[in-house]
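**Student:** Fold the following and give me the result.
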Amino acid sequence: MEGTSVHRLLALIFLLSRSTNQVHLTVSPSRSQFFQYESVTLICEDENRSDGWTVRRNTSRGTRTECKDGWGKLNGSVCNMNYMQPSDSGVYWCESRSGSSSSSSIQLSVSGGSVILQSPVLPVMEGDDVTLSCRARNPTHNLPAAFYKDGSFIGDGSSGHMTLLHVSSSDEGLYKCNINVMEVISSSRISVKGQRSAASVSDLNTFSPILN
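**Tutor:** A predicted model of the protein is given here:
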């Protein structure tokens with residue numbers, strides 16, 4: 001019995017050691033919002049540089065579907081998505097082949113509109129700076145940009161960018177931008193989770209094919 005208990009303890013320690021910190025999902029280009037028909041590469045990276053991971057997602061079209069299930073091309077632990085559609089908006093993560101371990105999830109949104117609000121795809125720490133970029137599908141329309149938080153104007157960005165300095169809980173809210181008369185189609189919500197904890201920037205309407 002004692003030997004069995006030891007084996008169970010060792011097995012538990014092994015499972016606990018397979019933490020989500022061993023792998024993370026990298027997005028290239030590194031942003032959370034994309035225009036329709038753009039391409040993105042999702043890379044599962046772990047400290048052992050193994051290929052034992054796959055990319056999965058939850059969207060309006062399916063739950064826990066795997067890259068290669070009709071929406072991407074999987075090469076090792078790299079998933080390439082081309083000609084993305086608004087229905088590709090959703091939550092993405094890396095998962096081991098056995099399904100016993102996974103990374104933290106990220107949210108990506110795809111807009112069919114003329115303007116998107118770009119924000120960091122990876123979590124930032126409280127106290128760090130967060131840069132928001134208002135981007136038009138037509139590059140000649142990129143400047144200038146006006147930024148809003150919870151419906152209230154917070155400032156102009158002559159270069160199309162606005163930086164939130166030393167983010168804290170007071171920066172939580174729903175952000176939008178516009179360029180000239182073109183209103184942003186998708187919005188980004190910033191949430192800050194406690195002192196020195198991760199502040200994530202995620203899309204408000206992840207599963208909606210048409211983001212408002």
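**Student:** Could you chop this protein up by domain?
**Tutor:** Recorded structural domains for the chain (assignment: automatic domain parsing) are 19-109, 113-203.
**Student:** avg pLDDT for the last one?
**Tutor:** Spelled out, it's domain 113-203. For domain 113-203, the mean pLDDT works out to 79.
**Student:** what's the answer for the first one, then?
**Tutor:** The pLDDT scores in domain 19-109 average 90.
**Student:** quick one, helices of the chain?
**Tutor:** Shown for the chain, the helices assigned by DSSP state H span residues 2-17.
**Student:** before we move on, the earlier item: could you dump the domains of the chain to CSV with mean neighbour count?
**Tutor:** Quick note: C-beta positions are derived from backbone N, CA and C, even for glycine. Shown next, in CSV, are these (neighbours: other CB atoms under 10 Å):
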stretch, mean neighbour count
domain 19-109, 17
domain 113-203, 17
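**Student:** Hmm, residue 89 is touching residue 116, no?
**Tutor:** No: between residue 89 and residue 116 there is no contact under CB atoms under 8 Å: 11.6 Å.
**Student:** What's the separation between the residue nearest to residue 130 when sequence neighbours are not counted and residue 157?
**Tutor:** Nearest non-adjacent residue to residue 130, counting by CB to CB, 6 or more residues apart in numbering: residue 164, 4.5 Å away. Residue 164 sits 12 Å away from residue 157, going by CB to CB, to the nearest Å.
**Student:** do the same with residue 147
**Tutor:** To residue 157, residue 147 is 6 Å away according to CB to CB.
**Student:** can you check residue 59 too?
**Tutor:** In terms of CB to CB, residue 59 sits 31 Å off from residue 157.
**Student:** How about residue 68?
**Tutor:** Residue 68 is 39 Å from residue 157, by CB to CB.
**Student:** do residue 136 as well
**Tutor:** Applying CB to CB, the value for residue 136 to residue 157 is 13 Å.
**Student:** Give the intersection of the neighbour lists for residue 147 and residue 157.
**Tutor:** The overlap between the contact sets of residue 147 and residue 157 (CB atoms under 8 Å, 6 or more residues apart in numbering) consists of 134, 177.
**Student:** and the nearest residue to residue 53 once chain neighbours are set aside, what is it in contact with?
**Tutor:** Using CB to CB, 6+ apart and skipping residues adjacent in sequence, the residue nearest residue 53 is residue 44, 3.7 Å away. Residues near residue 44 by CB under 8 Å, 6+ apart: 23, 24, 25, 26, 53, 54, 55, 77, 78, 94, 103.
**Student:** which ones are touching residue 47?
**Tutor:** Per CB under 8 Å, 6+ apart, neighbours of residue 47: residue 22.
**Student:** ok, residue 136 touching residue 114?
**Tutor:** Yes: here residue 136 reaches residue 114: they are 6.1 Å apart, a contact under CB under 8 Å.
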